[in-house]
Structure formats: structure tokens, C-alpha cells
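**Student:** structure of the sequence below:
(one chain, ligands or ions: 1)
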Amino acid sequence: MTETPGAAESAALVLFSGGQDSATCLAWALDRYERVETVGFDYGQRHRVELDCRTRLIEALRAGFPDWGGRLGADHVLDVPVLGQISDTALTREAEIVVGEGGLPSTFVPGRNLLFFALAGALAWRRGARHLVAGMCETDYSGYPDCRDDTVKAMQVALTLGLDRRVSIHTPLMWIDKAGTWAMADALGGDALVGLILEDSHSCYLGDRGVRHDWGYGCGTCPACELRRAGWERWRAA
Ligand code: ZN
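**Tutor:** Numbering: from 1, shown residues only. As a prediction, this is how the structure comes out:
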């Protein structure tokens, strides 16, 4: 990205994991900003399929949406192995996903999104982008305290102060449910975008892409598949 005055205002960095939510957020950003870059985090996820999906999604967006492709800049993957050192959860180990005390599932990595925002903020500073876009959502699932709106707003203030530069964090999915997320993809890019997200985004906690359901690939029974399936069915029925 260039450092010309005002350029940061029209540039965004999207926290892009390769899931349904962040893929929709990437389309949302491409619809709004002249220059869009993406960042993903490699923290030793036990299933690498998520990282493969994000590459496929970016390629498919470039191929299927030439206007957006012209705005889509570099993709950054940051290695964050330190998360594996401080977590003992079902995301990085072969452990069963269960809901523990306090209602937090074993997929919870304490403070993960705080770290991601700090890293994304630093990268955005380097890349001359003022806007961060992320797929946090309180509506379907508020079990992760670092996905809550108050946390995100606090991070926006912390980054703005700590980087001494205005940072805006956008979470377009914060108050809509998974059915609304499909509706947003449809509004942004129609059948082509919905089809692309169906085919290439990944949600399943178990990394299962063996079976193609109406709502995409997944084991069909883990909490992430359940949410995705239910949201798809509600949107189709609407
Ligand atoms: Zn699953």
C-alpha cells in the first residue's frame, strides 16, 4: 500500500480465517474500501484445512469478481505458535469439544482475539490502513468474551492510543445471526458469492470436509456445523 496522504482512510485490513463469517466480512470490505488486504493467523490449528480454504477463497474471489479483485492486495499469514504454548484446548490438541464451567466450550483460547487485534493493528499500521474488519458476532454465540462488542470497542481505543493513529474496527456481523450472514453475502455478491462461500469457506471444528451438505462441508454435528446448518436453513426458509 502507498503512504500518500488520505490513502489510509480508504484502506482496510480484514482478519480473514477462511470461515463463513470472515469471508462475508471480506466481501463487505471489498464493497467499501479501495484497497483491501487480508491477514490470517497460523497458531498450530490441529486442522490445516482452514488455512487451505482461505487461500482458495481469495483465489476464487479474484477470479469471480474482477472489480473486487482489483482492490484485493496482499494476503498476510502471521505465525503465532505462542498460542499453542499458552493454550490446552480442543483447537490445537486432539481433545473432545465439550462445554465446560461457565459455559465456555473447550475450543476457547483465552485472549486469542485480543492478540489477533494487537497483531492486526500493528500490521495495518505498517501497511498504511486505518480500518480493521473482523467477523466477531454476539448474536448467535456470545460465549467468547473477546468477541463481544464492548471488547472490540475497547481494543479500538487501545490501538488508537497505542499506535497514536486513528484505528477503526468494523464488525459488520456483530448484531446479525447466521441466517443474516447468508443474506448479507447474497446482498453483496448474489448467487455467485453465496456459492463461493458455500463451497470454499470452512466452519467445522473437526476439520471434516468429507461430505458436502446443502450448507457446505463439515461433520454436521459439531457446534460450528450446527450453527452453520441452522443459519442456512433459516435463510432458505425466509
Ligand atoms: Zn463439524
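
**Student:** just the helices in this structure please.
**Tutor:** 20-32, 49-64, 66-69, 82-86, 112-127, 149-163, 178-200, 223-237 (DSSP state H).

**Student:** in this protein, what helix or strand scores lowest on average pLDDT?
**Tutor:** None of the helices or strands of the chain scores lower by mean pLDDT, DSSP states H and E than helix 82-86, at a mean of 80.

**Student:** gap between that helix and the chain center?
**Tutor:** Computed by Cα atoms, centre = their mean, to the nearest Å, the chain-centroid distance of helix 82-86 equals 20 Å.

**Student:** now stretch 21-31
**Tutor:** 9 Å.

**Student:** I'd like the average pLDDT over that stretch.
**Tutor:** Mean pLDDT, stretch 21-31: 97.

**Student:** ok, His170 - contacts?
**Tutor:** His170 makes contact with Ala12, Trp28, Ala29, His131, Leu132, Val133, Ala134, according to Cβ atoms under 8 Å, 6 or more residues apart in numbering. Just so you know, the C-beta spots here come from the backbone N, C-alpha and C atoms, and that holds for glycine as well.

**Student:** so what's it scoring on pLDDT?
**Tutor:** 98.

**Student:** which residues does it bridge with?
**Tutor:** Note on His170: beta-bridge partners by DSSP bridges are Val133.

**Student:** relative to Tyr33, how far out is it?
**Tutor:** Distance, His170 to Tyr33, using Cβ to Cβ, to the nearest Å: 10 Å.

**Student:** identify the contacts common to these two.
**Tutor:** Ala12, His131.

**Student:** which one is Tyr205 nearest to, not counting chain neighbours?
**Tutor:** Nearest residue to Tyr205, sequence neighbours excluded (Cβ to Cβ, 6 or more residues apart in numbering): Cys222, at 4.3 Å.

**Student:** likewise Val80?
**Tutor:** Tyr43 (4.3 Å).

**Student:** tell me the residues of the protein that contact the ion?
**Tutor:** Cys204, Leu206, Gly218, Cys219, Cys222, Cys225 (Cβ under 5 Å from the ion).

**Student:** cross the residues you listed against strands and list the overlap.
**Tutor:** The members of the residues of the chain next to the ion all map outside strands under DSSP state E.

**Student:** show me the shaky parts of the chain.
**Tutor:** For the chain, applying pLDDT under 70 flags the ranges 1-5, 46, 88-108, 140-143.

**Student:** look up the closest residue to the residue nearest to the spatial centre of the chain, ignoring the ones flanking it.
**Tutor:** For the chain, the residue nearest the mean C-alpha position is Ser22 (2.9 Å; Cα atoms, centre = their mean). Distances taken as Cβ to Cβ, 6+ apart put Gly135 closest to Ser22, at 4.3 Å, once the chain neighbours are dropped.

**Student:** quick one: residues contacting Thr171.
**Tutor:** Contact analysis of Thr171 by Cβ under 8 Å, 6+ apart lists Val133, Ala134, Gly135, Met136, Cys137, Asp149, Val152.

**Student:** can you add neighbour count and distance to Phe117 and give these back as a markdown table?
**Tutor:** Converted to a markdown table, the contacts of Thr171 look like this (neighbours: other Cβ atoms under 10 Å; distance: Cβ to Cβ, whole Å):
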| residue | neighbour count | distance to Phe117 |
| --- | --- | --- |
| Val133 | 26 | 12 |
| Ala134 | 27 | 7 |
| Gly135 | 23 | 12 |
| Met136 | 22 | 10 |
| Cys137 | 24 | 15 |
| Asp149 | 14 | 13 |
| Val152 | 20 | 8 |
